[in-house]
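Student: Predicted model, plus sequence, below.
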Amino acid sequence: MKLGILGSGSGSNMQAILDAIDAGSLDAEIVLVLSDNPGAYILERAAKRGIPTALIDCHGFKTKFPDEAQTKTAAMLKEAGVELVCLAGFLRLVKQPLLDAFPDRILNIHPALLPAFPGLEAWKQALAAGVSETGCTVHLVDAGMDTGPVVLQEAVPVLPDDTAESLHARIQVVEHRLYPEAIAAVAGA
């Protein structure tokens with residue numbers, strides 16, 4: 001399975017995917033890494049592994065993902081032979097035309113038990129709500145904000161002394177295991 005990764009930050013989930021590939025537990029290859037952030041560490045991680053990278057030009061928009069940028073992103077992914085797109089800390093809402101180019105072939109990982117706490121900084125939302133557990137979800141991407149069909153979920157308890165940082169760190173440990181499992185499940189489907 002040829003994977004394309006879209007990320008805006010450090011790329012720790014991409015690293016977990018690479019680790020699963022290296023360990024032989026995920027039969028896949030990352031063929032392209034794209035970022036909307038020229039300073040994103042995910043680009044450096046990919047370059048160190050010899051994986052081609054490119055920037056997504058969002059024409060100066062901070063959060064919007066313009067149609068033209070999505071069309072160019074889809075073209076780059078298709079040209080690289082990508083079969084499954086994985087969002088790894090990508091902070092823009094994917095819509096058409098990218099969804100049309102990869103129908104039911106875009107995955108996202110979200111740090112909450114969806115449908116609870118969609119959007120940014122879900123672990124902080126969970127702490128503020130006073131819930132006893134949160135977790136992470138891998139889901140197919142649709143046109144909504146974290147609304148696509150769930151592929152895998154796993155709960156993470158919220159401990160009495162949790163800070164936003166400690167809770168997020170424990171969620172990420174689960175994310176790094178769950179994302180490769182979900183990719184394998186989708187690839188085998």
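Tutor: Done, it's in.
Student: Measure how far the longest helix seen in the chain is from the centre of its chain, please.
Tutor: Ranked by residue count under DSSP state H, the longest helix found in the chain is helix 164-188. How far helix 164-188 lies from its chain's middle: 10 Å, per CA atoms, centre = their mean, to the nearest Å.
Student: So which elements touch it?
Tutor: helix 12-23, strand 84-87, strand 106-110, helix 122-129, strand 133-140, strand 150-157 (3 or more CB pairs under 8 Å, 6 or more residues apart in numbering; DSSP states H and E). The C-beta positions use only the backbone N, C-alpha and C, and glycine is treated the same way.
Student: In it, which residues are buried?
Tutor: Under the neighbour-count criterion of 16 or more other CB atoms under 10 Å, helix 164-188 has 167-168, 170-172, 174-184, 186 buried.
Student: one step back: with mean pLDDT added, can I get the helices and strands packed on helix 164-188 in TSV?
Tutor: Listed next are the helices and strands packed on helix 164-188 as TSV, based on pLDDT from 0 to 100:
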stretch	mean pLDDT
helix 12-23	97
strand 84-87	98
strand 106-110	97
helix 122-129	97
strand 133-140	98
strand 150-157	98
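Student: now the ones you listed in TSV, with mean neighbour count and distance to residue 1?
Tutor: Formatted as TSV, those follow (neighbours: other CB atoms under 10 Å; distance: least, CB to CB, whole Å):
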stretch	mean neighbour count	distance to residue 1
helix 12-23	18	10
strand 84-87	24	6
strand 106-110	24	11
helix 122-129	19	27
strand 133-140	22	15
strand 150-157	16	14
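Student: Can you add distance to residue 52 and give the ones you listed back as CSV?
Tutor: CSV is the format used below for the helices and strands packed on helix 164-188 (distance: least, CB to CB, whole Å):
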stretch, distance to residue 52
helix 12-23, 13
strand 84-87, 15
strand 106-110, 19
helix 122-129, 31
strand 133-140, 24
strand 150-157, 26
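Student: Who is residue 35 paired with across the strands?
Tutor: Beta-bridge pairing of residue 35 under DSSP bridges involves residue 7, residue 55.
Student: Run a quick neighbour tally on it.
Tutor: 24 (other CB atoms under 10 Å).
Student: doesn't residue 58 make contact with it?
Tutor: No: the criterion here is CB atoms under 8 Å, and residue 35 misses it with residue 58 at 10.6 Å.
Student: returning to that earlier point: mind checking which of the helices and strands packed on helix 164-188 is nearest residue 99?
Tutor: For residue 99, the closest of those is strand 106-110, at 6.8 Å, according to CB to CB.
Student: ok, residue 31 - contacts?
Tutor: 2-4, 51-52, 80-82 (CB atoms under 8 Å, 6 or more residues apart in numbering).
Student: out of the residues you listed, which is most surrounded?
Tutor: residue 3 (27 neighbours).
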